[in-house]
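Undergrad: What follows is a predicted structure for the sequence shown.
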Amino acid sequence: MRFLQLCGILILAFVLFAISAIGMPHLMPPPPPTIEAPIHSPLPNFIQTEETPYHATIQYGTSEVIKNNNGPLYSYIRFPQAGNSTDSVIYDWAHKLYNDIVDEFNTIQETESAIGEINVHFDSYLVDNRYAGILESGEFSYTLTPQPEVVVKTFNIDLSNNSFLSSSDILDYGQSESVLELLHDRLLAEHPNTFPYLDSTFIDESWLYHLVIAEDGIIVALERYMFFPDEFDTLTVTLPYEDLGSALLIRTEPPLPPIPSPTPEPLPTPPPYEPDDPGDPDDPDAPEAPQQPAPSVPRQSGSVDPNKPVIALSFDDGPGKYTDQFLDLFEKHGIRATFCTIGNLVNTQSDALARAVSMNSEVIGHSWDHKNLAKLSADDVRKQLTDTSDTIEAATGVVVPMFRPPYGAVSDTMKEVAEELGFAIIYWNVDPEDWNTDDSDEVYHAVMGAVKDRSIILSHEIYKSTLIAYTRLIPDLLSQGYQIVTVSELLFIKYGNNLTPGQVYYSG
């Protein structure tokens, strides 16, 4: 009997196993329905996907940068200035951020050696010529901290009276329930990978803390670590204007007339020639001082004589508001140079970069967003380089197989990736540290005191003092017999077309 019971149990177990293997649709729970996020309006054209790298949008103001190239706290903080009374608030915020991080870093340095990095960028939007929205975002980190600290700051300006707007000036929080429902829907539309976390997360008004007035709607910035798991970066979500209805408190007035574009300041005129020892003007026997400036230096010819002194000028961190004026200066003297360009800024002034290439200057990458590439993984370095080179090619039609690493920071991983991608690494051997001074005389004398045949000179095209210095430097360098060429031309004299990918080149 027990044997028969045991056989019955075994047969029943086998039947149940077979059922589970082949499936019993009428006994299994139905599959969850496919959830399609409601989309009230088409996605705005500036939404980025994982395949599309972030491109800076700068519709309001021009870029200013706080930076430190020398470490141990490498710093790059970009913020806008527009020439009105609101500039000082944004300027003070950026400098306070920098100083506070420096103070914190110095406290750490008192007990233990550390290396740190600050990396902050901005997007700015101009709406109806009446409103400006600014989103500052980035992070800072130290070698001793487990994860980076996040920076998110927003500014919204009513340009009719240059006053700052609060979030409650933009949205009616009495209608926050409908606004938050719209935010939920837009999150699913723009960031579908947030779906597993949204139903288990309570969305409240704290999600509307960082608002930015933008082209197609109000951007909501969701700070990293605050709302989603750590693997998510800071997310941006756009609430279309037409879907906000009466909850939108702005844009009730007609647009203002266009804001006139600022007229670029004319290139400064180099100081007139002065003899080293003009003598005593009261001495009747003193030689007569020249009454006219020295003759202007003739334009450089297009050809390069390798038997004569030759140098390369290279300019980092652009394109910027002075790029076209540098090009005017180069055109005047018939010289060419190398622009080491931030990838996410290329689209802001693609015409200037195309002009540079048409004038036989060259454009190479300087990373996508000025991060310290020596700290990044191989995949991240590869993305920084390829995204930048692809964007430069789209803007200029040309890719030069070389790049300059931010801060001059080089690692074995970076060299390996550069070798894999076929890129040479361009350094320098003359550095006037123009980022560390606003004195054009200092920049001028630093270059003139260090330059020699086959030098690669590092400067930055984003500083007015650098532009002023080069109005003097270029004619003086030409008058001393230097030929001023691109980095590629300089290196070709010695290496031909045989640059070694992954190798660092300091000079020619």
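TA: Thanks, I have it.
Undergrad: Residue 63 contacts residue 320, correct?
TA: Yes - using CB atoms under 8 Å, residue 63 is in contact with residue 320, at 5.8 Å. (Glycine included, C-beta is placed from N, CA and C.)
Undergrad: quick one: low-confidence parts of the stretch 1-150 of the chain?
TA: 1-52 (pLDDT under 70).
Undergrad: From residue 124, how far off is residue 347?
TA: Using CB to CB, to the nearest Å, we find residue 347 at a distance of 14 Å from residue 124.
Undergrad: again, but for residue 345
TA: Shown here: residue 345 relative to residue 124, a distance of 13 Å by CB to CB.
Undergrad: between these two, what contacts are shared?
TA: Shared contacts of residue 345 and residue 124 (CB atoms under 8 Å, 6 or more residues apart in numbering): residue 58.
Undergrad: and residue 63 and residue 320? which has more neighbours close in?
TA: Higher neighbour count among residue 63 and residue 320: residue 320, with 25 against 22, using other CB atoms under 10 Å.
Undergrad: element containing that one?
TA: For residue 320, there is no host helix or strand (DSSP states H and E).
Undergrad: start at 650 instead
TA: In the new numbering, first residue 650, that becomes residue 969.
Undergrad: List the contacts of the closest residue to it other than its chain neighbours.
TA: In space, and not counting its chain neighbours, residue 969 is closest to residue 1111: 3.9 Å by CB to CB, 6 or more residues apart in numbering. Neighbour list for residue 1111: 712-714, 966-967, 969-971 [criterion: CB under 8 Å, 6+ apart].
Undergrad: Show me just the buried residues among those residues.
TA: Buried members of the contacts of residue 1111, counted by 16 or more other CB atoms under 10 Å: 712-714, 966-967, 969-971.
Undergrad: Tell me the confidence at the most centrally placed residue in the chain?
TA: By CA atoms, centre = their mean, the chain has its centre lying nearest to residue 1018, at 3.9 Å. Note for residue 1018: predicted pLDDT of 97.
Undergrad: show me the contacts for it.
TA: Residue 1018 touches 703, 768, 770, 991-993, 1033, counting by CB under 8 Å, 6+ apart.
Undergrad: and residue 1124, how many neighbours?
TA: The burial count for residue 1124: 17, using other CB under 10 Å.
Undergrad: As PDB, could you dump the C-alpha coordinates of stretch 879-887?
TA: The C-alpha trace of stretch 879-887 is given here as PDB (Å, rounded to 0.1, in the frame of the first residue of the first chain):
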ATOM      1  CA  ASP A 879      23.000  56.500  -8.000                       C
ATOM      2  CA  GLU A 880      23.400  55.200 -11.600                       C
ATOM      3  CA  PHE A 881      21.200  58.100 -12.900                       C
ATOM      4  CA  ASP A 882      22.800  61.400 -13.700                       C
ATOM      5  CA  THR A 883      21.100  64.700 -13.100                       C
ATOM      6  CA  LEU A 884      18.000  64.400 -15.400                       C
ATOM      7  CA  THR A 885      16.200  67.200 -17.300                       C
ATOM      8  CA  VAL A 886      12.600  67.000 -18.200                       C
ATOM      9  CA  THR A 887      10.600  69.600 -20.300                       C
END
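Undergrad: Show me what that stretch is in contact with.
TA: With CB under 8 Å, 6+ apart, stretch 879-887 has contacts from 692-693, 696, 784, 786, 796, 799, 801, 832, 835-836, 839-840, 843, 863, 865-873, 876-877.
Undergrad: Give the full set of residues in contact with residue 1008.
TA: Applying CB under 8 Å, 6+ apart, we find residue 1008 in contact with 976, 979-980, 985.
Undergrad: same deal with residue 1053?
TA: Applying CB under 8 Å, 6+ apart, we find residue 1053 in contact with 963, 965, 989, 1013-1015, 1074-1076.
Undergrad: For residue 999, see how far away it is.
TA: With distances taken as CB to CB, residue 1053 is found 20 Å from residue 999.
Undergrad: Please apply the same query to residue 809.
TA: For residue 809 relative to residue 999 (CB to CB), the value is 31 Å.
Undergrad: Then residue 889?
TA: From residue 889 to residue 999 the distance is 27 Å (CB to CB).
Undergrad: same deal with residue 1027?
TA: Distance, residue 1027 to residue 999, using CB to CB: 29 Å.
Undergrad: Which one of these two is surrounded by more residues?
TA: Set residue 1027 next to residue 999 and count neighbours by other CB under 10 Å: residue 999 wins out with 16 against 13.
Undergrad: which one is the more buried one nearest to, not counting chain neighbours?
TA: Of all residues not flanking residue 999 in the chain, residue 1044 sits nearest, at 3.9 Å (CB to CB, 6+ apart).
Undergrad: Now do the buried residues in the host helix or strand of the one you found.
TA: Element membership of residue 1044, judged by DSSP H and E, is helix 1027-1045. Burial within helix 1027-1045, assessed by neighbour count using 16+ other CB under 10 Å, is assigned to 1030-1031, 1033-1038, 1040-1041, 1044-1045.
Undergrad: for that helix, packing partners?
TA: helix 999-1007, strand 1011-1014, strand 1051-1052, helix 1061-1070 (3 or more CB pairs under 8 Å, 6 or more residues apart in numbering; DSSP states H and E).
Undergrad: how far out from the middle of the chain is it?
TA: How far helix 1027-1045 lies from its chain's middle: 13 Å, per CA atoms, centre = their mean, to the nearest Å.
Undergrad: what's in contact with that helix?
TA: 702, 704, 990-992, 995-996, 999, 1002-1003, 1005-1006, 1012-1018, 1020, 1022, 1025, 1047-1048, 1052, 1062-1063, 1065-1067, 1069-1070, 1072.
Undergrad: Quick one: buried ones out of those residues?
TA: Listed as buried from those are 702, 704, 990-992, 995-996, 999, 1002, 1005-1006, 1012-1018, 1020, 1022, 1025, 1048, 1052, 1062-1063, 1066-1067, 1070, 1072; burial here means 16+ other CB under 10 Å.
Undergrad: closest to residue 1147 out of the helices and strands packed on helix 1027-1045?
TA: Residue 1147 lies closest to strand 1051-1052 among the helices and strands packed on helix 1027-1045, at 13.1 Å (CB to CB).
Undergrad: Distance from the chain centre to the closest one, please.
TA: Computed by CA atoms, centre = their mean, the separation of strand 1051-1052 from the middle of its chain amounts to 17 Å.
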